[in-house]
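> Provided below for reference: sequence and predicted model.
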Amino acid sequence: MRQTLDMASILSLTGKSTVSKILGLAKRLDEANIPYDANIYECLLSAYSKADDIDQAMALFDHMRNNNVRPTVKFFHNALQLASQFADPKLQAWILEEMERVGYNPKMRPVYGHMLTCMRNNGEIERAFDTLERMRLEGVTPTLHMYRQLVDMCVQFNHPDMAYDMLKGAAILDTFAGRYNYMYMNLLRSAALNSSHEIVKDMWKIAVLDHNIAPDEGLCHYVLHVAAHYGDSSLGSDVIRVIGKLGYPYKESHFAPLIEAFAATGDWKSTLKVLHLMRAAGITPSQGTARPIAYKLGKDVEAIRLARDSLAQLKKEDSLDILAFNLIIHSFAYNNEYEDAMETFGRAAELGVTIDLETIHAILDACIHAEEAVMGAKIFDKYAHGNLSPNATTLSKMVTLMCTQDNYEDAFKYLEQMKSMGFVPLRGCYYRLVKKLASNQDSRLAIALDDMKTCGYDVTAYLQEHLDRHAPRY
């Protein structure tokens, strides 16, 4: 019978065919009046298990009892395995009772292994961990495969912390990573999706640095976001290093979380340097990419000055990006620190940066906040030509700037220049011009309103309120 089972396995016979062959052999034993021994019952159980015939398999217990045959330990193990495949804990409990009845101690590692498999198939995660604790108290050491089943459950039910604590407590986190790479990385992914910073940091080191396990690009993204959320620039930098090492193409989405992580530290030199690293990697940094820096600087003028001081250090390292330079000017302008903005702008040559149109826009913002129309016009006339030809944003800012003055006639000059160049004035500059005309009861208000509507801009409730408030009284 054992040979028949082996051949059935080699020939990949179906369960039904295997049962047929084994029962044929059993019939010959019956005809010869040869009683079944424990080994025969083992073979019958194996055949029924292969056919997933759990009823016939369990009926063997009664057959053995009636014939005074004591099942072997292996028979019980195979029966427990079959019950676990069907995720039947009640049947397993009955088998365990039967095992004790015939004098076997069920507190054995293989028995616990089949119990854990059944719990995994049923999703009984709490019971599985209770069983693991019982094993510890009874001095039964779990196998790595048992831990794997528990980790599999934790990942499935989104409890990476439980799996991590279990492996860490058993001092096998490193061993598990080396043996079950795929499962380990799934656990790391689950921890990253749950934003479990300390777990991610420890598991990343063990997997990537100690065992050289290659994470996929998606996992790198998840870990970068954890680094950003917790301001962990060290973890973020290592992920970027690994992305390059593995040959994944760099994307803006890789660097955005890294910028956020560095910005949280207040290390402005390292934060602004990321913009240079992006450009060096072939990714053009944008204002959107730098938004976390702007948010962090906010209204903290001293922080902005510290960030500006780092520009000289970056220049020495040949790591100063024009976006970093522009961002500092924008931040000063936002806080109405006109002198600081002008001082920074005046250091462009010293810092070795070539100003671009965004630089002009940043300094024009500073002029608008300070109502410095003369200086703004000088800067515009000096720089806004050739390679820095003004666009709709530049000319709209000039219209807005002129509207800060009592004499705002030049606003129309820039408005007409914009139209002649085929640009559509921005909504904000039209609103500013209309409010200025209304405040001064300028007769050109109706024309400006018509032009604004032609460009597709509606009169908002706030703007209408302003118009009503400054309407002529007769």
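Arrived safely, thanks for sending.
> which residues sit in contact with the spatially most central residue of the chain?
Nearest residue to the geometric centre of the chain (CA atoms, centre = their mean): Tyr222, 2.3 Å. Neighbour list for Tyr222: Arg189, Ala192, Leu193 [criterion: CB atoms under 8 Å, 6 or more residues apart in numbering]. In this view, the C-beta of every residue, glycine as well, is placed from N, C-alpha and C.
> quick one: which of the residues you listed is nearest to Ala448?
Lowest distance from Ala448 to the contacts of Tyr222 (CB to CB) belongs to Leu193, with 53.0 Å.
> State the distance from the closest residue to the closest one other than its chain neighbours to Tyr112.
With sequence-adjacent residues excluded and distances taken as CB to CB, 6 or more residues apart in numbering, Leu193 is closest to Tyr222, at 6.0 Å. Distance of Tyr222 to Tyr112, computed by CB to CB, to the nearest Å: 34 Å.
> do the same with Glu317
In terms of CB to CB, Glu317 sits 59 Å off from Tyr112.
> if you count what's nearby, which of the two comes out ahead?
Tyr112 (21 against 10; other CB atoms under 10 Å).
> Dump the helix or strand the more buried one falls within to CSV, restricted to CA.
Following DSSP states H and E, one finds Tyr112 within helix 109-122. Output of helix 109-122 as CSV, limited to C-alpha atoms (Å, rounded to 0.1, in the frame of the first residue of the first chain):
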residue,chain,number,x,y,z
ARG,A,109,5.1,20.6,18.2
PRO,A,110,3.5,18.9,15.1
VAL,A,111,0.1,18.9,16.8
TYR,A,112,0.4,22.6,17.6
GLY,A,113,1.5,23.2,14.0
HIS,A,114,-1.8,21.6,12.6
MET,A,115,-3.8,23.6,15.2
LEU,A,116,-2.2,26.9,14.0
THR,A,117,-2.9,26.0,10.4
CYS,A,118,-6.5,25.5,11.2
MET,A,119,-6.7,28.8,13.1
ARG,A,120,-5.0,30.5,10.2
ASN,A,121,-7.5,29.1,7.7
ASN,A,122,-10.3,30.3,10.0
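> List of residues touching that helix?
In contact with helix 109-122 (CB under 8 Å, 6+ apart) are residues 76-77, 80-81, 83-85, 87-89, 92, 96, 99, 125, 127-128, 131-132, 135, 140-143, 145-146, 149-150, 152-153.
> in that helix, what counts as buried?
Val111, Tyr112, Gly113, His114, Met115, Leu116, Thr117, Cys118, Met119, Arg120, Asn121 (16 or more other CB atoms under 10 Å).
> The residues you listed into JSON lines, with extra columns for pLDDT and distance to Asp174?
Formatted as JSON lines, those follow (pLDDT from 0 to 100; distance: CB to CB, whole Å):
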{"residue": "Val111", "pLDDT": "94", "distance to Asp174": "28"}
{"residue": "Tyr112", "pLDDT": "95", "distance to Asp174": "24"}
{"residue": "Gly113", "pLDDT": "94", "distance to Asp174": "22"}
{"residue": "His114", "pLDDT": "94", "distance to Asp174": "27"}
{"residue": "Met115", "pLDDT": "95", "distance to Asp174": "27"}
{"residue": "Leu116", "pLDDT": "95", "distance to Asp174": "22"}
{"residue": "Thr117", "pLDDT": "94", "distance to Asp174": "25"}
{"residue": "Cys118", "pLDDT": "94", "distance to Asp174": "29"}
{"residue": "Met119", "pLDDT": "94", "distance to Asp174": "26"}
{"residue": "Arg120", "pLDDT": "93", "distance to Asp174": "23"}
{"residue": "Asn121", "pLDDT": "92", "distance to Asp174": "28"}
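> Now do the helices in the stretch 151-300 of the chain.
160-169, 173-179, 181-193, 197-204, 217-229, 233-245, 252-265, 268-280, 291-297 (DSSP state H, counting those that start in this stretch).
> Would you mind measuring from the closest residue to Leu219 other than its chain neighbours to Val111?
Spatial nearest neighbour of Leu219, chain neighbours left out: Arg189 (5.2 Å); criterion: CB to CB, 6+ apart. Applying CB to CB, the value for Arg189 to Val111 is 32 Å.
> Check Leu219 too.
36 Å.
> Ok, Leu463 next?
Relative to Val111, and taking CB to CB, Leu463 is found at 79 Å.
> neighbours around Asp202, how many?
For Asp202, using other CB under 10 Å, the count is 16.
> can you pull the pLDDT of Ser310?
Confidence at Ser310, expressed as pLDDT, is 96.
> what's near enough to touch it?
Ser310 touches Trp268, Lys269, Leu272, counting by CB under 8 Å, 6+ apart.
> What sits closest to the last one if chain neighbours are left out?
Okay, so that is Leu272. That would be Ala324: by CB to CB, 6+ apart, it lies 4.0 Å from Leu272.
> Got the phi and psi for that neighbour?
Taking degrees, to the nearest 10, you get phi -60, psi -40 for the backbone angles of Ala324.
> Contact partners for it?
Leu272, Leu275, His276, Ala290, Leu311, Leu314.
> With respect to Arg469, which of these is nearest?
Ala290 (38.5 Å).
> Just give me the neighbour total for the closest one.
Using other CB under 10 Å: Ala290 sits among 24 other residues.
> And Ala333, by the same measure?
Ala333 has 25 nearby residues by other CB under 10 Å.
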